[in-house]
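Q: for reference, the sequence and a predicted model appear below.
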Amino acid sequence: MFAIIGILVVFGAVLTGYLMEHGHVAVLLQPAELLIIAGAGMGTLLIANPLRILRKIAAGAAAIFGSSHFGKARYLATLRMMYELLQKARRGGMLTIEIDVEKPGESPILNAYPEFIEDHHARDFVCDTLRMVITGGVEAFDMDQMMDLDMEVQHHGAEEPVTALATMADSLPGLGIVAAVLGVVITMGALGGPAEEIGRKVAAALVGTFLGILLCYGLVGPVSQNMAKSMAEEHAYLYVLRVLMLAFIRGQPPVVAVEMGRRAIPAHVRPSFSEVEEACRNQGAPAAAAQPAA
């Protein structure tokens, strides 16, 4: 929602300021200039990136217009889920959760949290880690290194579309200059004609530069920055899971592991101690659906 508002504010402010100076909107309507800049920008994106990254760019750009998936309710639900799972393992032994981690889609505990099940990164991160714990023979330090490696690989994969889109944004001012130069070439060919016609062609050439800069700093650049922040939110979520599971692997009881995970949550979405305590106390009741943060 805020991304849509921001885009409207950017273009609205530019257009309003232009009109306040008695500019004519029709002059800014230069489809040929826009085609050159946007088409060439998309072309550079296709040249530089394989299909898998292009899909990630499309998905990431679409996601910025929705709400965050890592709000306070999501973290609270995750802490409750992990408490239930680890408490089961502590009471009956690690083998009691083998089915839960081997087939999370059939687990009564994990299935109560559909947002977690649908997040394949987080789901696999938790299940693969606990699967290794069940197997045994792996020291806590090595498990920590393994989780860190997993997070690093996922972070690198999430960073690829952000970097690709930022590179495209950086190219737009230069492509605006290309459009402007082509406009000047056309203008030079019209020398000797009516002054009004030459003026229109010069204006069209300058609009090319204007569009390239505006699209870079007013649209594509901010979109890539928003995607980077979404990537950081996912990384923070996995870090909480890592801290929580590592505490349990080192022998801490589930309640202490959950508290350590709670303290690793970013402050602006961190549930209070009493909220987590209440959620864990009510384990076994139907899980409340985690609502995305606005």
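A: Received the coordinates, thanks.
Q: could you list the residues in contact with the helix or strand containing residue 27?
A: Per DSSP states H and E: residue 27 is located in helix 25-28. By CB atoms under 8 Å, 6 or more residues apart in numbering, the residues outside helix 25-28 that reach it are 15, 18-19, 200, 203, 207, 210. The way it works is simple: take the backbone N, C-alpha and C, and place the C-beta from them, glycine included.
Q: in that helix, what's buried?
A: residue 28 (16 or more other CB atoms under 10 Å).
Q: swap in stretch 87-107?
A: For stretch 87-107, using 16+ other CB under 10 Å, the buried residues are 87-90, 94, 97, 100-101, 104, 107.
Q: likewise stretch 255-266?
A: Using 16+ other CB under 10 Å as the test for burial, stretch 255-266 gives 257-262, 264-265.
Q: how far off centre is that stretch?
A: Centre-to-centre, stretch 255-266 and its host chain are 23 Å apart (CA atoms, centre = their mean, to the nearest Å).
Q: related to what we said a few turns ago, and the two most separated of the buried residues of stretch 87-107?
A: Among the buried residues of stretch 87-107, the pair separated by the greatest distance (CB to CB) is 90 and 104, at 19.2 Å.
Q: run a quick neighbour tally on residue 166.
A: Residues contacting residue 166 under the criterion other CB atoms under 10 Å number 17.
Q: next up, the contacts around it.
A: 221, 224-225.
Q: any weak-confidence spans in the stretch 51-200 of the chain?
A: Of all residues in the stretch 51-200 of the chain, none has pLDDT under 70.
Q: quick one: which of the contacts of residue 166 is most hemmed in?
A: Neighbour tally across the contacts of residue 166 (other CB under 10 Å): the maximum, 23 neighbours, falls on residue 224.
Q: that one reaches residue 169, doesn't it?
A: Yes. Using CB atoms under 8 Å, residue 224 is in contact with residue 169, at 5.9 Å.
Q: what about residue 144, how many residues nearby?
A: 17.
Q: now residue 241
A: By the measure other CB under 10 Å, the count of residues near residue 241 is 21.
Q: for it, give me its contacts.
A: 78, 82, 122, 125-126, 261.
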